[in-house]
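> Here is the input, now give the coordinates:
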Amino acid sequence: MAPKSREHVNSDIESSDDEGIENLDYKPPRDFTLHKAKKYTTSVFDVDEAAKHELWLIRVPEGVSNEDLATMSISLPASTKPKSSKDIETLGTLKKKEISTHSSASTTIKYHLQSVAPDSGVASEMLALQPLIPDSSKGGRLVQAPLGVHHHLALVASASIPSGQTLGEEILNRPIPKRDQPEGLKARFQFTGTETQIPGAKAPASGKKFAKAWPEVLEKRKRTQEIDAELNLKRRLAKEATERGEEYEEGEEGEEAVEVSQAEEQEQEAEDAEVQPSPAKKRKGEDMEVDAVVEKKSKKEKKEKKEKKEKKEKKNKD
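Residues are numbered from 1 along each chain as shown. So this is what the prediction gives:
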């Protein structure tokens, strides 16, 4: 609701809407007095001079000096201000060498001077700026430019994407600093399955025995796999012959291969049981006693082997 005028208020007590609001006018600090210059030099940006010329507002990136700008030649922009990004035009270019922050090599950066449009996305905030220029008639006080800014320009760096070869060479030539290690630090940890022996580290007795017998175990496993592959081939041939109605004779070599394969498997299981530390073994004095379960298994394997041998001899006699 708008405040009522005092002319329409009938009251013996005079009131005001500004009661309780402190004065917001500028007040200089204590002991400060207004200084008036005795001599005032007229500036090229004075109000009277600005009325005779056009005022251009140019934004320059940090690192570009006045000496760099003096070497750049620009063309006059259009009399009308650009209304959209389609109307933006390049008025001049500038090349400047700068040292890269990642390496000591110098790179050339190319700048281009362009006009600013409301939707250009680059320096569009310049369009809302109001420049202040001195007024000699008021003792050099700053006032707003009477004719405003005619052209808004911005010096923008061109995006340069390095080639893959140049970037790759820079990465290869970049020195890799060595990571500082505490004095006296030695490696002791190894991942499971690591075969490299750490210098100075002592392996336990069970580990030494296992490491010594492990190559032989691998070799026997390899032979077993070869025999199994041969048996699978012969079984497949026998199956195909049966499907055709023919009789496939395996021969003595096949029987021997089966027996050798079974014998290899039994030997491998027995050696694995000896090589790998078993929780079934108990220490009694200095001797190691084998658990009854292991002995029973060993006797069973020997018995089966003996029965197969007798069966083979009987077959050969027949």
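
> Which residue ranges of the stretch 151-300 of the chain form strands?
Here the stretch 151-300 of the chain has its strands, by DSSP state E, counting those that start in this stretch, at 151-157, 282-284, 287-289.

> ok, now how distant is Lys209 from Glu216?
Distance, Lys209 to Glu216, by Cβ to Cβ, to the nearest Å: 12 Å. C-beta: built from backbone N, CA, C; applies to glycine.

> The two: which is more packed in?
Using other Cβ atoms under 10 Å as the criterion, Lys209 and Glu216 rank with Lys209 on top: 15 against 12.

> His35: what's it in contact with?
Not one residue lies near His35 by Cβ atoms under 8 Å, 6 or more residues apart in numbering.

> what are the ranges of the helices in the stretch 101-250 of the chain?
164-173, 205-244 (DSSP state H, counting those that start in this stretch).

> could you check the distance from Phe191 over to Gly164?
To Gly164, Phe191 is 36 Å away according to Cβ to Cβ.

> If you could redo that for Asp46, that was the one I meant.
Applying Cβ to Cβ, the value for Asp46 to Gly164 is 56 Å.

> of those two, who's got more company?
Per other Cβ under 10 Å, whichever of Asp46 and Gly164 has more neighbours is Asp46, with 18 against 8.

> what's near enough to touch the more buried one?
133-136.

> So, low pLDDT: which residues of this protein?
1-21, 37-41, 80, 82-87, 99-105, 160-163, 195-208, 246-294, 318 (pLDDT under 70).

> domains in it, as residue ranges please.
The chain breaks down into these domains under automatic domain parsing: 37-161, 205-277+291-301.

> Now distance to Pro29 too, for those domains, in CSV please.
Below are the domains of the chain laid out as CSV (distance: least, Cβ to Cβ, whole Å):
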stretch, distance to Pro29
domain 37-161, 19
domain 205-277+291-301, 85
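
> Any idea which of those gets closest to Glu310?
Among these, the nearest to Glu310 by Cβ to Cβ is domain 205-277+291-301 (12.3 Å).

> Which residues are in contact with the nearest residue to Gln130 once chain neighbours are set aside?
The shortest distance from Gln130 to any non-neighbouring residue, by Cβ to Cβ, 6 or more residues apart in numbering, is to Gln144 (5.5 Å). By Cβ under 8 Å, 6+ apart, Gln144 lies in contact with 130-133.

> Which strands border the host helix or strand of Lys96, and is each parallel or antiparallel?
Per DSSP states H and E, Lys96 falls inside strand 90-99. Applying DSSP bridges, strand 90-99 is found paired with strand 106-115 (antiparallel).

> number of nearby residues for Ser136?
Neighbourhood size, Ser136 [other Cβ under 10 Å]: 15.

> What separation is there between it and Leu172?
From Ser136 to Leu172 the distance is 64 Å (Cβ to Cβ).

> likewise Arg221?
According to Cβ to Cβ, Arg221 stands 44 Å off from Leu172.

> can you check Gln144 too?
On the measure of Cβ to Cβ, Gln144 and Leu172 end up 58 Å apart.
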